[in-house]
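Trainee: What shape does this take:
(4 chains)
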4 protein chains.
Amino acid sequence: MARFELRLDADAVNALMAKAFPEADAAALGAVTALSPGRATLVRPFATHMLRPGRLVSGPTLMSMADSAAYALILAHIGEQLMAVTSQLTMNFLRGAKAGDITAEAELLHLGRRSAVCDVRLWTEAPDRLAAQAGVTYALPLS
Amino acid sequence: MARFELRLDADAVNALMAKAFPEADAAALGAVTALSPGRATLVRPFATHMLRPGRLVSGPTLMSMADSAAYALILAHIGEQLMAVTSQLTMNFLRGAKAGDITAEAELLHLGRRSAVCDVRLWTEAPDRLAAQAGVTYALPLS
Amino acid sequence: MARFELRLDADAVNALMAKAFPEADAAALGAVTALSPGRATLVRPFATHMLRPGRLVSGPTLMSMADSAAYALILAHIGEQLMAVTSQLTMNFLRGAKAGDITAEAELLHLGRRSAVCDVRLWTEAPDRLAAQAGVTYALPLS
Amino acid sequence: MARFELRLDADAVNALMAKAFPEADAAALGAVTALSPGRATLVRPFATHMLRPGRLVSGPTLMSMADSAAYALILAHIGEQLMAVTSQLTMNFLRGAKAGDITAEAELLHLGRRSAVCDVRLWTEAPDRLAAQAGVTYALPLS
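Mentor: This next block holds a predicted model:
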C-alpha cells in the first residue's frame, strides 16, 4: 500500500542476483516472475534435494528462499548496491510444504536510509495454504 | 487470501473483549471497526498517556494494540474461548508513530488446532505510512 | 562472554532513564540493581495495575520491562546518547508470570556502530522459572 | 539455570539425528560435543560449500545449524520422539561469520507439554565474537 518506486525491472534484478551468487546453480536462486512497486513474486523450481524426510520441503530451503525474495525485492528498489546484508529473519512455519515449486511473495513494509523490512509469504500448494511467513530485515549500505 | 470462516461478528467480539478485560477502560482496548473472514481492523482513540517524550506513541502502547488486534481477530474465528494466550510477539518498529488514533489491521495467516498466527500492521497517519508491523502467535486451548 | 566496556555505572544509568522518561512514575521504570560489562539486572516493584485477569502480570508490562532493560544496558555501554530507539522486539512468553516484583536480566549480544542486540530474560518467581525471553534490537544514533 | 533433566546422552542424540536425516551427509548435520541439563554444544566441520561470496559462512547454513542445534537439545530432553517440528525461528545476524568450523551453543529456555523454546548462539571465530543468535520454537507431539 505504501508509495515505493522501482529502480530496476525483473530482468535486471534476476541478472543482479546471478552476479551476486556466481557459484549458485541459477535454478537454486529462484527468479523474479512479477514485480511492482513494493511487491515481488519469486518462483524456485522444485528439486528433490529440497526435501527432508516426510517428503516435505525442508525448513532451511524455505528460509533461504525467504531471504532471497527479500533481497531481490530490496535490490529492485535501491538499485545496483550488492552490499545489503540480512540483519534479522523471523520465520513462522505454518504447515508442512508439500513437494513442488516454491512461490514467495515479498512485500516491502519500510525502506529507510539504513534498513529495509519485508514481509514474505511462501507456499508450494496454493496461496491460501501458506507454508510459511517471514519477516526479513536488511541493513543497507550507507550511501 | 486463505479460506477462513467467522464465528462472531464485530459487536460480539467487542463484547467479548470487554468481558475479558473488565478492569480496562473500554477506550483503551480499542474496538473492532471492520471484520471479514481472515481480517479485522481495530481503532484505539488517541489519549495523551500513550505518548512518550518526542510526542510519539510509545512502543508498549503499539505492542499492546498489536496483541489486542490479534486476540480480537482470533476470537472472531474460534468463538467464545477466552483461554487463548499469546505465545510469541515480534514487533518491527518502522517509523515514529505521530500522535493520533491508532489503527491496527490484523490478518490471519494460519489457524490450526493448537495455535494461530497473525500479521498486524499499525499506523496513526495513513496506511501507506506504517508505524509498526507485528507477527503474533497465540496458543489455543485444546478442545 | 563478549568483551564489552561500561561507560556509566548503575546510578548514572538510573538517573539517565529518569531524565529520558520525566513523566513516568519512577517506580514504573524499574531500576538497575546490578551492572557489569555486557550485563545488567533491573527490578520493577510489583503494582496491581500490572495484572491482567487471572492475576498474572500482563504481556504489555513484560514487553515494556524487556524494552527498558535493553535500553538501560545499552546506555551503560554507549554513554549519554538518548537517541537510541527500539527497532525490533521479539518476545517469547514462556509461562504465566505470577504477581510479584519483575526481574529482568539483559545481556548484550552485539554492539555495533549502527545497532545493538540484547537478550533479556524475565521472571517474577525465580530465575529458573522464566516468564519470558526477549530479543531486542536498538538502532543507534550515527555519531 | 532452569531445572531440566536429560533423557539421552550425546551419543544417543547423535545417533537419533543421523536416523532422522538418513540422506544427509553426517558431517553436514554437526555433532553434539557437549551436553548437560538444559544445554548442548554442537560443532559442524567447515566445508567450502558453506560459503557465500565474500568468504563468509552463508545465512542459510547458520540458520540450518541453529535449527539442528535446537532439535538435538530438545531430543536430549524428550527422548526418542522424532516428530518435533520447528514452528518458529528468529535469527539475528550479528557479524560476518569467517570461514571455519561452526559452533552452536543451545540453551533450553522452556520445555512445556506442547512446545519447547531454545536460545542458540553461533560462532566460527570465538564465543565472544558471536556470528548470530537464534530463538527457536519447536512444537512437540502430544503424548
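Trainee: all contacts plus neighbour counts: C-alpha atoms, from now on.
Mentor: OK.
Trainee: Going by residue numbers, what spans are helices in chain A?
Mentor: With DSSP state H as the definition, chain A shows helices at residue ranges A:10-20, A:26-29, A:59-78.
Trainee: So for the shortest one, mean pLDDT?
Mentor: In this model, helix A:26-29 has an average pLDDT of 67.
Trainee: Please tell me how far the closest residue to chain C within chain A sits from residue C:139.
Mentor: Residue nearest to chain C within chain A: residue A:114 (8.6 Å; Cα to the nearest Cα). Separation of residue A:114 from residue C:139 (Cα to Cα, to the nearest Å) stands at 9 Å.
Trainee: what about these two, which has more around it?
Mentor: The neighbour count for residue A:114 versus residue C:139, taken as other Cα atoms under 10 Å in any protein chain shown, is higher for residue C:139 (19 against 14).
Trainee: what's the pLDDT at that one?
Mentor: In the predicted model, residue C:139 carries a pLDDT score of 95.
Trainee: wait, it sits on residue C:113?
Mentor: No - the criterion here is Cα atoms under 8 Å, and residue C:139 misses it with residue C:113 at 9.1 Å.
Trainee: wait, isn't residue A:6 in contact with residue A:76?
Mentor: Yes - with contacts defined as Cα under 8 Å, residue A:6 counts as touching residue A:76 at a distance of 5.8 Å.
Trainee: between those two, which one's more packed in?
Mentor: Ranked by neighbour count (other Cα under 10 Å), residue A:6 and residue A:76 place residue A:76 first, with 27 against 18.
Trainee: residues contacting the more buried one?
Mentor: Residue A:76 makes contact with A:6-10, A:13 under the criterion Cα atoms under 8 Å, 6 or more residues apart in numbering or on different chains.
Trainee: Mind putting these into TSV with distance to residue C:31?
Mentor: Converted to TSV, those look like this (distance: Cα to Cα, whole Å):
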residue	distance to residue C:31
A:6	47
A:7	48
A:8	50
A:9	52
A:10	52
A:13	50
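Trainee: Skipping its backbone neighbours, what lies nearest residue A:67 in space?
Mentor: residue A:136 (6.9 Å; Cα to Cα, 6 or more residues apart in numbering or on different chains).
Trainee: Distance check, the one you found against residue B:137.
Mentor: Taking Cα to Cα as the criterion, residue A:136 is separated from residue B:137 by 17 Å.
Trainee: okay, residue A:128: pLDDT?
Mentor: Here the pLDDT value assigned to residue A:128 is 94.
Trainee: Isn't it up against residue B:3?
Mentor: Yes - here residue A:128 lies in contact with residue B:3, judged by Cα under 8 Å, at a distance of 6.6 Å.
Trainee: more neighbours, those two?
Mentor: residue A:128 (13 against 10).
Trainee: Quick test: name the residue nearest the centre of chain A.
Mentor: Taking Cα atoms, centre = their mean as the criterion, residue A:69 is the residue nearest the geometric centre of chain A, at 1.0 Å.
Trainee: quick one: it and residue A:103 touch, right?
Mentor: No - counting by Cα under 8 Å, no contact exists between residue A:69 and residue A:103, whose distance comes to 9.5 Å.
Trainee: Tell me the residues that contact both of the two, please.
Mentor: Jointly contacting residue A:69 and residue A:103 under the rule Cα under 8 Å, 6+ apart are A:41-42.
Trainee: follow-up on the earlier one: which residues does the residue nearest to residue A:67 contact?
Mentor: By Cα under 8 Å, 6+ apart, the contact list for residue A:136 reads A:66-67, A:70, A:86-90, A:117-120.
Trainee: again, 6 Å this time
Mentor: By Cα atoms under 6 Å, 6 or more residues apart in numbering or on different chains, residue A:136 lies in contact with A:88-89, A:117-118.
Trainee: what separates it from residue D:54, distance-wise?
Mentor: Counting by Cα to Cα, the gap between residue A:136 and residue D:54 amounts to 21 Å.
Trainee: what's the model's confidence in stretch A:89-103, averaged?
Mentor: Stretch A:89-103 shows a mean pLDDT of 97.
Trainee: So that stretch, near chain D or not?
Mentor: Yes - in terms of Cα under 6 Å from any Cα of the partner chain, part of stretch A:89-103 sits within range of chain D, namely A:89-93.
Trainee: Where does the prediction get shaky in chain A?
Mentor: A:1-2, A:22-27, A:143 (pLDDT under 70).
Trainee: ok, back up a step: most neighbours among the contacts of residue A:76, which one?
Mentor: In terms of neighbours by other Cα under 10 Å, the contacts of residue A:76 top out with residue A:13 at 24 neighbours.
Trainee: For the closest residue to chain D within chain A, which non-adjacent residue is spatially closest?
Mentor: Nearest residue of chain A to chain D, counting by Cα to the nearest Cα: residue A:90, 4.1 Å away. Counting by Cα to Cα, 6+ apart, residue D:90 is the residue found nearest to residue A:90 once chain neighbours are left out, at 4.1 Å.
Trainee: ranges for the strands of chain A?
Mentor: Applying DSSP state E to chain A gives strands spanning A:31-36, A:39-44, A:51-52, A:56-57, A:85-93, A:102-111, A:115-123, A:132-139.
Trainee: Rebuild those as a markdown table, extending it with distance to residue D:81.
Mentor: As requested, the strands of chain A are arranged in a markdown table below (distance: least, Cα to Cα, whole Å):
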| stretch | distance to residue D:81 |
| --- | --- |
| strand A:31-36 | 38 |
| strand A:39-44 | 32 |
| strand A:51-52 | 17 |
| strand A:56-57 | 18 |
| strand A:85-93 | 19 |
| strand A:102-111 | 29 |
| strand A:115-123 | 27 |
| strand A:132-139 | 23 |
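Trainee: do you know which of the ones you listed lies nearest residue C:43?
Mentor: strand A:85-93 (28.8 Å; Cα to Cα).
Trainee: Would you give the sheet partners of that closest one, along with the direction of each?
Mentor: In its sheet, strand A:85-93 lies beside strand A:132-139 (antiparallel), strand D:85-93 (antiparallel), with partners assigned from DSSP bridges.
Trainee: in the sheet, who's paired with residue A:34?
Mentor: With DSSP bridges applied, the residues forming beta bridges to residue A:34 are residue A:41.
Trainee: doesn't residue A:42 make contact with it?
Mentor: No - in this structure residue A:34 lies outside contact range of residue A:42 using Cα atoms under 6 Å: 7.1 Å.
Trainee: And these two? Which one has more around it.
Mentor: Set side by side, residue A:34 and residue A:42 show more neighbours around residue A:42, with 26 against 13, by other Cα under 10 Å.
Trainee: which ones are touching that one?
Mentor: Here residue A:42 is in contact with A:31-33, A:103-104 (Cα under 6 Å, 6+ apart).
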